[in-house]
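here are the coordinates; sequence isn't available:
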């Protein structure tokens, strides 16, 4: 598997996970003067399906749902019905940058399917950890093929910790944690970083995955700047629970406008400042993923 695997995750909702997932995916797919365009796949693991609406557009996503080519149908077929299913069959071109950007869409049915998986496996005397392992093993098998077809695979996860989110985190080289630098958003940050198992699926190569926090919706207010200073201090110590990206995503009316209008023909349409900041984030994410890939190769 050669693709860089990235998860965008946080227990808290409303911190901009989907905006960053889509912006990062489109930025990587477009490339820049000093960075070649990448072939990118977004796997939507959120039943709200916002990333899917954004990347596919309403009409296309509705068609994918009607044709049963979404992530929830794949999981139900593979686990509950025991069918031979390939996640590759659920990969669709995004509306924008369709030659470089692709998506495995979600649907509102995903939450029901996830519960169905838990009930199905629990009746077979599987506990929650084993449920997570079944899903994780399944996705890992699928990534063996997809990882050779794409340069970057991004998991957009739902708020909180679910079996699907845990599976994505286990399989990712880089875990990006968007958070707003305010008191409320930081209440669960350390807990999230401490309790999630950042490990490989292979118990012989267990490696703690230090998450990378990205400060999002940053304002120049006294409170935001004070919290940001405290976060950066916490990420610099020897006993830190997370690292932090240098890049900060500013509070922006344009970004808020784009994020609230999820059917924009798949195109972000950021202004130059927005494009620059996400380009800087993309560069940092690739640097971190490259360092981790090199470390893993040396460990082998």
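Nice, I can see it. Only a predicted model underlies this, so the values are computations on that prediction, with no experimental measurement involved.

what's the helix or strand of the chain with the lowest mean pLDDT packed up against?
Taking mean pLDDT, DSSP states H and E as the measure, the chain has helix 253-260 as its least confident helix or strand, at a mean of 73. Here helix 253-260 touches helix 17-30, going by 3 or more C-beta pairs under 8 Å, 6 or more residues apart in numbering; DSSP states H and E. Using the backbone N, CA and C atoms, a C-beta is placed for each residue, glycine as well.

what's the offset of the helix it packs on from the middle of its chain?
Relative to its parent chain, helix 17-30 has a centroid offset of 10 Å by C-alpha atoms, centre = their mean, to the nearest Å.

tilt between that helix and helix 253-260?
Orientation of helix 17-30 against helix 253-260 (axes from the mean of the first three to the mean of the last three C-alpha atoms, to 10 degrees) gives an angle of 100 degrees.

how about helix 17-30: buried residues?
Buried positions in helix 17-30, judged by neighbour count with 16 or more other C-beta atoms under 10 Å: 17-30.

for stretch 160-171, same thing?
Using 16+ other C-beta under 10 Å as the burial criterion, the residues of stretch 160-171 that qualify are 161, 162, 163, 164, 165, 166, 167, 168, 169, 170, 171.

export those to a markdown table and tack on pLDDT and distance to residue 194?
As requested, the buried residues of stretch 160-171 are exported to a markdown table (pLDDT from 0 to 100; distance: C-beta to C-beta, whole Å):
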| residue | pLDDT | distance to residue 194 |
| --- | --- | --- |
| 161 | 78 | 12 |
| 162 | 81 | 18 |
| 163 | 81 | 20 |
| 164 | 86 | 21 |
| 165 | 88 | 16 |
| 166 | 86 | 15 |
| 167 | 87 | 19 |
| 168 | 90 | 18 |
| 169 | 89 | 13 |
| 170 | 86 | 16 |
| 171 | 89 | 20 |
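
just put those in CSV and tack on distance to residue 113.
As requested, the buried residues of stretch 160-171 are exported to CSV (distance: C-beta to C-beta, whole Å):
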residue, distance to residue 113
161, 17
162, 11
163, 11
164, 10
165, 14
166, 16
167, 14
168, 16
169, 19
170, 20
171, 19
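
tell me which of those fall in helices.
Judged by DSSP state H, the buried residues of stretch 160-171 include 163, 164, 165, 166, 167, 168, 169, 170, 171 as members of helices.

among these, which one sits closest to residue 12?
residue 165 (12.8 Å; C-beta to C-beta).

contact partners for the nearest residue to that closest one once chain neighbours are set aside?
In this structure, residue 165 finds its nearest non-sequential neighbour in residue 157, 4.3 Å apart by C-beta to C-beta, 6 or more residues apart in numbering. Residues in contact with residue 157 (C-beta atoms under 8 Å, 6 or more residues apart in numbering) are 7, 8, 9, 17, 45, 46, 164, 165, 168, 169.

run the last query once more with 7 Å
Residues near residue 157 by C-beta atoms under 7 Å, 6 or more residues apart in numbering: 7, 8, 9, 17, 45, 46, 165, 168.

make JSON lines out of those and add distance to residue 227.
What follows is the contacts of residue 157, written out as JSON lines (distance: C-beta to C-beta, whole Å):
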{"residue": "7", "distance to residue 227": "24"}
{"residue": "8", "distance to residue 227": "21"}
{"residue": "9", "distance to residue 227": "20"}
{"residue": "17", "distance to residue 227": "19"}
{"residue": "45", "distance to residue 227": "28"}
{"residue": "46", "distance to residue 227": "26"}
{"residue": "165", "distance to residue 227": "25"}
{"residue": "168", "distance to residue 227": "27"}
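
which sections of the stretch 51-200 of the chain are below the confidence cut-off?
125-129, 195-200 (pLDDT under 70).

how about the strands in this protein?
Counting by DSSP state E, the chain has strands at residues 4-8, 40-45, 92-93, 101-104, 152-157, 174-179, 212-218, 243-250.

to residue 83, which of the ones you listed lies closest?
Of these, the one closest to residue 83 (C-beta to C-beta) turns out to be strand 101-104, at 17.0 Å.

distance from the closest one to the middle of the chain?
13 Å.

partners of it in the sheet?
Counting by DSSP bridges, the strands paired with strand 101-104 are strand 40-45 (parallel), strand 92-93 (antiparallel).

residue 32: neighbouring residues, count only.
Using other C-beta atoms under 10 Å, residue 32 has 14 other residues around it.

one more: the one 3 residues further on?
Using other C-beta under 10 Å, residue 35 has 14 other residues around it.
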